[in-house]
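Trainee: Model the structure of this input:
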Amino acid sequence: YLDSFFFFFGESEKLDSLLLNIMLTGEECPSDENSFDCSVFDLLPIDLSRAQKLSLKNAFCERVSYIQGPPGTGKTYEVKTYKDTLLLNQSASERLYNFEGLSWREAIYLAYKERNFEALSVKEIENTEVVRAYAKTKKSKSIYGTLSTTVIEHATEDSTTSTYRNGRDLFERIKDRWALTEAGKIEAEEVFSNAKEEIGQKKDYYYQFVTFHQSYGYEDFIEGIRAETVDGSIQYEVKKGVFRNFCERAEEDLENGTDNNFLFVIDEINRGNISKIFGELITLIEPEKRIGAAEEIKVTLPYSGDQFGIPKNVYILGTMNTADRSLAMMDTALRRRFDFVEMMPNSGLIRKEVGDSGSIEGFNLADILDALNERIQYLYDREHTLGHAFFMNNNTLADVKRTFENKIIPLLQEYFYDDFRKIRAILNDKNGIYIVEKEISPNKLFDNKLADGFFSNNENKYALKATASDEDFKKFLSGVLIHKEVNEL
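Mentor: Okay, here's the model as predicted:
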């Protein structure tokens, strides 16, 4: 198998056939670079040197990899391709449940819905799919006992002699079974209407997608204590996070002997406090420490006290663009577990997929992208270049105009902190279509006595025009490439 931990930070379409080939053949990657057969890379639609092939081999054969690139290189789009490759020929969906905030009584209502509201014995309620799934989220020593107590507490007076009745009359006995009363059906309908859509819905069992943000924490990812209101009283319970639930599904799959792949995708991974969110995962993500590996390790979780490990069949795929690197640097202990491969903007995809060999109405978008990125590298750095995805869905010149006005120019404003002189240079807007230069005299703004003390000369200021006419935009595009660049490209 491929490695269990990939961080995708750039466009990786050219690696898809390699991924599929290794996964289908089951070949392991040799440690000796001299013995590595690079012919597998001949499947790729690009020419690579042996050094580049070995670099790619290391990226996908080593246990942990980190692929980085600027924004707009198709990172999120690439997730679908990677998912289709990794989860090839696996059953697409199973019934999943999210019981956030639901009590045992409300879980019983879901059981009745599952069985079309027929009268059920307590044992039959216990054996419903929804109750068995709900019980896994609780720590009840006796599921049957908890269900029986819940039903009797809310049973009609004629149905039980128990002194624990609370008089709500939600269940009634019919021979040796229990049915919902009219009051119970009304309350059950309220639960169904207020319940989250994902309760009992079919979802992709082998795939999970989350997005990190500044408020995302360990409690969301692994486990945490949550307050819930049950029958009017507040209760505190340890709730499993999304990644722990996902790992338990994968571990159950291993125990059943099926050994399917499970893909967990983290979008915008650097936008969260990584060391805080990952916690014990800093140790557990190493392939040799996974459940089922030779050096398997499980840790004791702080809230529940449960033992937790990451199964070997869990793949973690993260996305990030290098322009956002300042938001949150990766923890050093986490970084040293990765190999790094860089994926940069690929104007060749524009030439292949957009217009006539990358041209729309005579304007070559691939050449324009290359020219813009060369200037950005000169004035800033290569981590803030523009990805090819900005132009991939452009079919008309109107689309290109919207791309510049709504995406590229605003992004350049963010990169250069509204330094319009540099933005104008990057766009080569010599005709002032978008960046307009104005000469401002301080004497027109301030009284002479005040202006003389601070300003001695007239100053040139720049202003941004939000939009341009179609004719002006054509004039602008014609000026983006200078004559020398046209000849070189």
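Trainee: C-alpha from now on. contacts and neighbour counts both.
Mentor: Noted.
Trainee: packing partners for the helix or strand harbouring Phe264?
Mentor: Here Phe264 sits within strand 262-267, counting by DSSP states H and E. Strand 262-267 sits against helix 75-86, strand 207-211, helix 242-255, strand 314-319, with contacts defined as 3 or more C-alpha pairs under 8 Å, 6 or more residues apart in numbering; DSSP states H and E.
Trainee: Can you dump the C-alpha atoms of it in CSV for me?
Mentor: Extracted as CSV, the C-alpha positions of strand 262-267 are listed here (Å, rounded to 0.1, in the frame of the first residue of the first chain):
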residue,chain,number,x,y,z
PHE,A,262,-10.3,4.9,5.0
LEU,A,263,-9.6,8.4,3.9
PHE,A,264,-9.8,11.4,6.3
VAL,A,265,-9.4,14.8,4.6
ILE,A,266,-8.4,17.9,6.5
ASP,A,267,-8.9,21.1,4.4
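Trainee: now that strand: how far from the chain's centre is it?
Mentor: Distance, stretch centre to chain centre, for strand 262-267: 7 Å (C-alpha atoms, centre = their mean, to the nearest Å).
Trainee: Could you tell me which strands sit next to it in the sheet, and their orientation?
Mentor: strand 207-211 (parallel), strand 314-319 (parallel) (DSSP bridges).
Trainee: Could you tell me the angle between the longest one and helix 242-255?
Mentor: Same thing as strand 314-319. Angle between the axes of strand 314-319 and helix 242-255 is 150 degrees (criterion: axes from the mean of the first three to the mean of the last three C-alpha atoms, to 10 degrees).
Trainee: Likewise for the shortest one?
Mentor: With the same axes, to 10 degrees as the basis, strand 207-211 and helix 242-255 are set at 160 degrees to each other.
Trainee: Which strands and helices lie in contact with whichever helix or strand comes after strand 207-211?
Mentor: Next in sequence after strand 207-211, counting helices and strands by DSSP H and E, comes helix 218-221. Counting contacts by 3+ C-alpha pairs under 8 Å, 6+ apart, helix 218-221 packs against strand 233-240, helix 242-255, helix 274-278.
Trainee: and of these, who's closest to Ala133?
Mentor: helix 242-255 (11.5 Å; C-alpha to C-alpha).
Trainee: The helices and strands packed on strand 262-267: which one's closest to Met343?
Mentor: Closest approach to Met343 among these (C-alpha to C-alpha): helix 75-86, 10.1 Å.
Trainee: could you give the angle of the closest one to strand 314-319?
Mentor: If you take the same axes, to 10 degrees, helix 75-86 sits at 160 degrees to strand 314-319.
Trainee: pLDDT (mean, whole number) over helix 75-86?
Mentor: For helix 75-86, mean pLDDT rounds to 75.
Trainee: all strands for the stretch 301-450 of the chain, in order.
Mentor: 307-308, 314-319, 339-342, 359-360, 363-364, 435-440 (DSSP state E, counting those that start in this stretch).
Trainee: Would you agree Ala107 is in contact with Glu129?
Mentor: No: if you go by C-alpha atoms under 8 Å, Ala107 and Glu129 don't touch, sitting 10.7 Å apart.
Trainee: Tell me which of those two has more neighbours.
Mentor: Remark: of Ala107 and Glu129, Ala107 carries more neighbours, 22 against 15, as counted by other C-alpha atoms under 10 Å.
Trainee: Do you know the pLDDT at Asn127?
Mentor: So, for Asn127, pLDDT stands at 91.
Trainee: which phi and psi does it have?
Mentor: The phi/psi pair for Asn127 (degrees, to the nearest 10) reads phi -90, psi 0.
Trainee: can you check Tyr462 too?
Mentor: Main-chain torsions, Tyr462, degrees, to the nearest 10: phi -120, psi 150.
Trainee: And Gly257, by the same measure?
Mentor: phi 80, psi 10.
Trainee: What separation do you get for it and Ile310?
Mentor: Separation of Gly257 from Ile310 (C-alpha to C-alpha, to the nearest Å): 16 Å.
Trainee: what's the answer for Lys449, then?
Mentor: 73 Å.
Trainee: So between the two, which is more surrounded?
Mentor: Ile310 (27 against 9).
Trainee: Neighbours of the residue nearest to Thr385 when sequence neighbours are not counted, how many?
Mentor: If the residues on either side of it in the chain are set aside, Thr385 comes closest to Asn373, at 5.1 Å by C-alpha to C-alpha, 6 or more residues apart in numbering. Around Asn373 there are 22 other residues, counting by other C-alpha under 10 Å.
Trainee: Looking at Asn373 now. What's its pLDDT?
Mentor: Asn373 is given a pLDDT of 95.
Trainee: Where does pLDDT dip in the stretch 251-400 of the chain?
Mentor: Flagging of the stretch 251-400 of the chain using pLDDT under 70 yields the residue ranges 325-342.
Trainee: quick one on the thing from earlier: okay, the strands of the stretch 301-450 of the chain in JSON lines with distance to Glu268 and mean neighbour count next?
Mentor: JSON lines is the format used below for these (distance: least, C-alpha to C-alpha, whole Å; neighbours: other C-alpha atoms under 10 Å):
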{"stretch": "strand 307-308", "distance to Glu268": "25", "mean neighbour count": "15"}
{"stretch": "strand 314-319", "distance to Glu268": "5", "mean neighbour count": "23"}
{"stretch": "strand 339-342", "distance to Glu268": "17", "mean neighbour count": "18"}
{"stretch": "strand 359-360", "distance to Glu268": "32", "mean neighbour count": "18"}
{"stretch": "strand 363-364", "distance to Glu268": "31", "mean neighbour count": "20"}
{"stretch": "strand 435-440", "distance to Glu268": "32", "mean neighbour count": "15"}
